[in-house]
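Undergrad: Below are the sequence and a predicted model; questions follow.
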Amino acid sequence: MTRWYLYGVVPSQAHIPGELRGLGAAAPPPTLATHGAVAAVVSPIDECRALGSRRDLLTHARVLDGLAGATAVLPARFGMMFDELETIVAQVLEPRGAAFSEALARLAGLMQFTVTVRHVPAAVLGEVLAADPEIAELRDLVRAGAARPDVRVRLGELVAAALARRRAHDARCLHAVLEPHRVAAVERPVAAADQAVSAAFLVERQRRAGFEAAVERLAVEQAGRARVRLLGPLAPYDFADALLDGPT
Amino acid sequence: MNLQAGQLERSATGGLAEVVGMVLDKGIVVDAFARVSLVGIEVLTVEAKIVVSSIDTYLRYADAMAQLDAARPAPQGLTGIVEDVAGGLGAAAIAVQQAAGGVRP
């Protein structure tokens, strides 16, 4: 039985890039189910297996990010399937068409980029060590091998707090440097122990080059101390919910 | 993946860890299906919190600091922590798969 997998919602006149391929072994190109000014981006899926493999997740994201390069798009959360195209129109597009339409209008000409700054552990630990005499003292005790367990815990606690302060400082710097080049910014949760900052930025299509150049300058500046990673253009995952829930 | 020269790591779209954080907890939600598939990201969030606050993590920070040496490029302690988080991601994907399986008729 063919079911329909939902990727997101776009303006009904949107063009789907021809190279996009949807979920499933047959990797069918996504198509549009249109209702008035908005359309659902969907692809047929025949398999009965459960979704959620690494490949499924990446395919969902690739389709959305491919769309984001070409049109305003509201991403759907991973994993929504429907038995009939009519159900998508009735359950998704009809009840929320006006809200989708308004959110898409506000996203027109904008794209998301995500910037992640990861500390180089040795370099940043070196900064922490040089800046705090108490850490240096406890570190010498631990290094000598004679420290009690509570001294190790205390050292680790101080290091963790110092790293957190550095992360906060780096976050403020990142936002200050990119503020002139973006329309909106959202801080993203830190996902790994050595990750300094991750933030999503909404950028005007015409100002993309300036934004990218600013990130590149930051990467050069931070070389040796932190690695800067730029993802995008992406679907506006970090902004869509706020746009749909109300004014930002 | 470096798409251009220089210091900046550049990628058009995210790897699995980045994608999980985006497609599982962001975006339009329509019906109960999506709610169930969220189990995975909750697992991931809990694991990330454990990693940044536990005594074990403090001890690893302490050891990483103790090992820090100009002659040595990178202490191993923090790498281990990051790998643990990546392991959590694997678990999250499996949980999603199971959750998705649970709601199929």
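TA: That came through, no problem. Residues are numbered from 1 along each chain as shown, chains lettered A, B, ... in the order given.

Undergrad: Next, the most centrally placed residue in chain A: secondary structure please.
TA: For chain A, the residue sitting closest to the mean C-alpha position, by Cα atoms, centre = their mean, is A:Thr114 at 5.3 Å. Judged by DSSP: H, G, I helix; E, B strand; the rest coil, the three-state class of A:Thr114 is strand.

Undergrad: can you pull the contacts of the residue of chain A at minimum distance from chain B?
TA: Using Cβ to the nearest Cβ, the single residue of chain A nearest to chain B is A:Gly156, 2.9 Å away. Yep, even glycine has a C-beta here, placed from its N, CA and C like the rest. Applying Cβ atoms under 8 Å, 6 or more residues apart in numbering or on different chains to A:Gly156 gives the contacts B:Thr57, B:Tyr58, B:Leu59, B:Arg60, B:Tyr61, B:Ala62, B:Met65.

Undergrad: same thing with A:Tyr5?
TA: With Cβ under 8 Å, 6+ apart as the criterion, the residues that contact A:Tyr5 are A:Gly22, A:Leu23, A:Gly24, A:Val42, A:Ser43, A:Pro44, A:Ile45, A:Leu51, A:Met80, A:Met81.

Undergrad: For the fifth one, which non-adjacent residue is closest in space?
TA: Going back to what we said before, that points to A:Ser43. Nearest residue to A:Ser43 in three dimensions, chain neighbours excluded: A:Gly22, at 3.0 Å (Cβ to Cβ, 6 or more residues apart in numbering or on different chains).

Undergrad: okay if I get the contacts of A:Tyr5 as CSV plus pLDDT, secondary structure and neighbour count?
TA: Putting those into CSV (pLDDT from 0 to 100; DSSP: H, G, I helix; E, B strand; the rest coil; neighbours: other Cβ atoms under 10 Å in any protein chain shown) gives the following:
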residue, pLDDT, secondary structure, neighbour count
A:Gly22, 96, coil, 21
A:Leu23, 92, coil, 24
A:Gly24, 88, coil, 18
A:Val42, 96, strand, 25
A:Ser43, 96, strand, 21
A:Pro44, 94, strand, 16
A:Ile45, 88, strand, 21
A:Leu51, 76, coil, 25
A:Met80, 84, coil, 27
A:Met81, 83, strand, 20
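
Undergrad: Looking at those residues, which is nearest A:Ala147?
TA: Nearest to A:Ala147 among these is A:Leu51, at 50.2 Å by Cβ to Cβ.

Undergrad: correct me, but that closest one touches A:Leu23?
TA: Yes: in terms of Cβ atoms under 8 Å, A:Leu51 counts as a neighbour of A:Leu23; the distance is 6.9 Å.

Undergrad: quick revisit: sort out for me which of the contacts of A:Gly156 are in helices.
TA: By the criterion of DSSP state H, membership of those in helices covers B:Thr57, B:Tyr58, B:Leu59, B:Arg60, B:Tyr61, B:Ala62, B:Met65.
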